[in-house]
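S.K.: My questions concern the predicted model and sequence given below.
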Amino acid sequence: MVALITWVAVILIALAALVAAALVVLYLRRGVLQREGGFDMCMRVGSQEGWAGGWVFGIGRYRGECLEWFRTFSFSPRAKRSVRRGQLAVSGRRAPDAEEDFELPAGHVVLSCAVGPTTVEISMTEPASTAFLAWLEAAPPGGHLVR
């Protein structure tokens, strides 16, 4: 009986160590992305791409002509989505509705964007949205401007 309790304790300690290690890795990954110019950005894509349509937390980062988006709770070092500046057009801006107030972080605004034929909504803070719009408008001549 004592041996069984010992093994259960060892397994529970090992599981707790694995969970703690996973949390540390997520924290370090977020720190690296934030240090490289990342900002908090939630995204919602229509179900035509296989998503349920809910808001997903992530970190946005500008890399030259691309906006990269990394899921917050992912161990992947690669961006989940990458959109070239020329493919992206903002079609509207609004405050979160009553239901979204519970889903999104406080102080976020929602931007409706078109990425080719797909409609994408992104949510970010007011300063981040100003920087995002400035980045879009700073495109080289001949690029797509904000509508």
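M.R.: It's in.
S.K.: Give me the distance from the helix or strand where A17 lies to the chain's centre.
M.R.: Here A17, judged by DSSP states H and E, is contained in helix 2-35. Helix 2-35 sits 24 Å away from the centroid of its parent chain (C-alpha atoms, centre = their mean, to the nearest Å).
S.K.: what helices or strands is that helix leaning on?
M.R.: Counting contacts by 3 or more C-beta pairs under 8 Å, 6 or more residues apart in numbering; DSSP states H and E, helix 2-35 is packed against strand 58-63. Yep, even glycine has a C-beta here, placed from its N, CA and C like the rest.
S.K.: Assumed C113 was part of a strand.
M.R.: Yes: according to DSSP: H, G, I helix; E, B strand; the rest coil, C113 belongs to a strand.
S.K.: got a list of what it touches?
M.R.: By C-beta atoms under 8 Å, 6 or more residues apart in numbering, C113 lies in contact with L88, A89, V90, S91, T119, V120, E121, I122.
S.K.: Just put these in CSV and tack on secondary structure and distance to L136.
M.R.: Listed next are the contacts of C113 as CSV, based on DSSP: H, G, I helix; E, B strand; the rest coil; distance: C-beta to C-beta, whole Å:
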residue, secondary structure, distance to L136
L88, strand, 7
A89, strand, 8
V90, strand, 7
S91, strand, 12
T119, strand, 16
V120, strand, 13
E121, strand, 15
I122, strand, 12
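S.K.: Out of those residues, flag the one nearest to I11.
M.R.: I122 (42.2 Å; C-beta to C-beta).
S.K.: so how far is R61 from that closest one?
M.R.: Using C-beta to C-beta, to the nearest Å, we find I122 at a distance of 13 Å from R61.
S.K.: With neighbour numbers in mind, choose between those two.
M.R.: Higher neighbour count among I122 and R61: I122, with 26 against 19, using other C-beta atoms under 10 Å.
S.K.: pretty sure the more buried one is touching L111, no?
M.R.: Yes: in this structure, I122 is within contact of L111 by C-beta atoms under 8 Å, at 5.2 Å.
S.K.: So, low pLDDT: which residues of the protein?
M.R.: Residue ranges of the chain with pLDDT under 70: 33, 46-53, 139-147.
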